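# Output the structure for:
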Amino acid sequence: MGLFKRLNAVATARKNLAALGVDPFNVVIDEILSPTEARIAGREVLLAGTNNYLGLTFDPACTEAACRAMRAEGTGTTGSRMANGSYAGHLALERELADFFGCSEAIVFSTGFIANLGVISTLTGPGDTLLIDGDSHASIYDGCRMSGADLIRFRHNNPADLEKRLKRLGGRAENTLIIVEGIYSMLGDRAPLAEIAELKKKYGAWLMVDEAHSLGVLGAGGRGLAEEAGVLHEVDFIIGTFSKSLGAIGGFCVSKHPELDLVRYASRSYVFTASPSPATVASVRVALQAVAQGAGLRRALWRNAHQLYTGLQQLGFELGPEVSPVIAVFTGAQEEALHQWKTLLEQGVYVNLVLPPAAPEGKSLLRCSVSAAHTSEQIDRLLEAFSRLPR
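As a prediction, the model looks like this:
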């Protein structure tokens, strides 16, 4: 097979799925009906695996802003900001993001994935050290590998293990970047950020927090875990995405350090990638206002999260460690997980299936993500579907 021989394991896995009559990684959504409903294979389905935490994908103000921008400025920028220039909207969004977080600097990227790639690989290099949580997202791992810095993992959400490794670094700690996430995307648990920020300060290291799943979700103002933990002033870099609570696509980094602006001139994923479209920028700007004023949305989101988590507990399922808009339901062997996922879909419920190695601890899980747009009745439908699963 030449170059494709490295994909033999993927081919085998695909054949095994076909033999089981299930393909959870190639679902075709025929029509999106609302933030919480779609049509799949001719059947209306309840969506519980979309990361649409605040339900803003159909928000009238967001969609109208996107339409106005597209009519005024076209469908895309057709190039990077270095080559084609920055639109006024790009600059306005960066100012608004910086102001939202109380920072002096912001850079907008075309996706959240390449925000991590670009910032990590540009800030660090040979001679530096990256200390990352073992359950970090793939984009963090890829950014670390691209950087050429020494990569050290510490045990998930374990400040004692982090401190042990910081001690070993000695004077190298001042050139060490600690990276954690606000809410971890698979199990839905928070980082112990206050303790980690204390260790960062104690050893003179640097701290980056990926708030992809916690922006709009945590904190009185929706600024994420750093706000909730009261350590915004201790975090050197915040990474985020537009593709979850903000209902679009794109990413960003904000910082209190003026030198962040230099990253845009050296980051290959910024310099050589087409910039976000006018429609995306316009909708995100409106969505960011909704997040800032979204105490009611957050209350609805957490009410739904508690309802689903408590209901699944009462049904006897093994769940992730804490209540969160990301709720992991652990299953048995891979074949059992596949069968349960298929059964849920046949009942009109769509969730995410996560298999090793993507799932932590080598387990399989059914991953639910709750939205503020879900009704209490829809959460009850989810629970009813789970109650019918063979176990």
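# residues touching G311, list them.
Under the criterion of CB atoms under 8 Å, 6 or more residues apart in numbering, the contact list for G311 reads 379-380, 382-383. C-beta here means a position set from N, CA and C on the backbone, and glycine is covered the same way.
# Now find how far off-centre the helix or strand where L366 lies is within its chain.
Using DSSP states H and E, L366 falls within strand 365-369. With CA atoms, centre = their mean, to the nearest Å as the basis, strand 365-369 stands 14 Å off its chain's centre.
# Check stretch 133-142 too.
On the basis of CA atoms, centre = their mean, stretch 133-142 sits 11 Å off its chain's mean C-alpha point.
# Also stretch 23-36?
Centroid separation for stretch 23-36 versus its chain: 19 Å, with CA atoms, centre = their mean.
# Find the nearest non-adjacent residue to A61, please.
In space, and not counting its chain neighbours, A61 is closest to V286: 5.0 Å by CB to CB, 6 or more residues apart in numbering.
# what's the first-to-last distance across stretch 348-368?
End-to-end span of stretch 348-368 (CA to CA, to the nearest Å): 14 Å.
# secondary structure class for C253?
strand (DSSP: H, G, I helix; E, B strand; the rest coil).
# and what of A328?
Strictly by three-state DSSP, A328 counts as strand.
# Repeat that for the one 4 residues further on.
Here G332 is coil, with the state taken from three-state DSSP.
# That one - how many residues pack around it?
13 (other CB atoms under 10 Å).
# who's in contact with it?
The contact partners of G332, by CB under 8 Å, 6+ apart, come to S364.
# Could you pull out the strands in the stretch 151-300 of the chain for me?
Along the stretch 151-300 of the chain, counting by DSSP state E, counting those that start in this stretch, strands occupy 176-181, 206-210, 237-241, 251-255.
# Could I get the average pLDDT for stretch 66-82?
Across stretch 66-82, pLDDT averages out at 97.
# Which residues does it contact?
Contacts for stretch 66-82 (CB under 8 Å, 6+ apart): 84, 87, 89-90, 264-265, 270-283.
# Can you dump the C-alpha atoms of it in PDB for me?
Extracted in PDB, the C-alpha atoms of stretch 66-82 (Å, rounded to 0.1, in the frame of the first residue of the first chain):
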ATOM      1  CA  ALA A  66     -23.500  37.300   9.900                       C
ATOM      2  CA  CYS A  67     -25.900  37.900   7.000                       C
ATOM      3  CA  ARG A  68     -25.300  41.600   7.000                       C
ATOM      4  CA  ALA A  69     -21.500  41.200   7.100                       C
ATOM      5  CA  MET A  70     -21.600  38.600   4.200                       C
ATOM      6  CA  ARG A  71     -23.800  40.900   2.100                       C
ATOM      7  CA  ALA A  72     -21.500  43.900   2.800                       C
ATOM      8  CA  GLU A  73     -18.000  42.200   2.600                       C
ATOM      9  CA  GLY A  74     -18.500  38.900   0.800                       C
ATOM     10  CA  THR A  75     -18.100  35.300   1.800                       C
ATOM     11  CA  GLY A  76     -14.500  35.200   2.700                       C
ATOM     12  CA  THR A  77     -11.200  37.000   3.000                       C
ATOM     13  CA  THR A  78      -9.300  34.700   0.500                       C
ATOM     14  CA  GLY A  79      -6.000  35.000   2.300                       C
ATOM     15  CA  SER A  80      -4.100  35.700   5.500                       C
ATOM     16  CA  ARG A  81      -4.100  39.000   7.300                       C
ATOM     17  CA  MET A  82      -0.400  39.300   6.600                       C
END
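# Buried residues, that stretch. List them.
Neighbour counts over stretch 66-82 (16 or more other CB atoms under 10 Å) mark 66, 69-70, 73, 77, 80-81 as buried.
# Mind putting these into CSV with distance to L232 and secondary structure?
Output for those, formatted as CSV (distance: CB to CB, whole Å; DSSP: H, G, I helix; E, B strand; the rest coil):
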residue, distance to L232, secondary structure
A66, 30, helix
A69, 30, helix
M70, 34, helix
E73, 33, helix
T77, 31, coil
S80, 30, coil
R81, 27, helix
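# Quick one: end-to-end length of stretch 221-231, please.
14 Å.
# From the chain's centroid, how far away is it?
With CA atoms, centre = their mean as the basis, the mean position of stretch 221-231 lies at 16 Å from the chain mean.
# Could you do stretch 246-254 as well?
Remark: stretch 246-254 is offset 10 Å from the chain centroid, using CA atoms, centre = their mean.
# Dump it to CSV, restricted to CA.
Extracted in CSV, the C-alpha atoms of stretch 246-254 (Å, rounded to 0.1, in the frame of the first residue of the first chain):
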residue,chain,number,x,y,z
LEU,A,246,-19.9,31.4,20.7
GLY,A,247,-21.5,29.2,18.1
ALA,A,248,-19.2,29.8,15.2
ILE,A,249,-15.6,28.7,14.2
GLY,A,250,-12.3,30.3,15.1
GLY,A,251,-9.9,30.8,18.0
PHE,A,252,-8.0,33.3,20.0
CYS,A,253,-5.3,34.0,22.5
VAL,A,254,-5.4,36.9,25.0
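# P192 touches N157, doesn't it?
Yes - using CB atoms under 8 Å, P192 is in contact with N157, at 5.8 Å.
# So those two - more neighbours on which side?
Using other CB under 10 Å, the more surrounded residue of P192 and N157 is N157, with 22 against 17.
# Could you measure from that one over to K164?
Computed as CB to CB, to the nearest Å, the N157 to K164 distance reads 14 Å.
# contacting residues for A359?
For A359, the contacting residues are 186, 365, by CB under 8 Å, 6+ apart.
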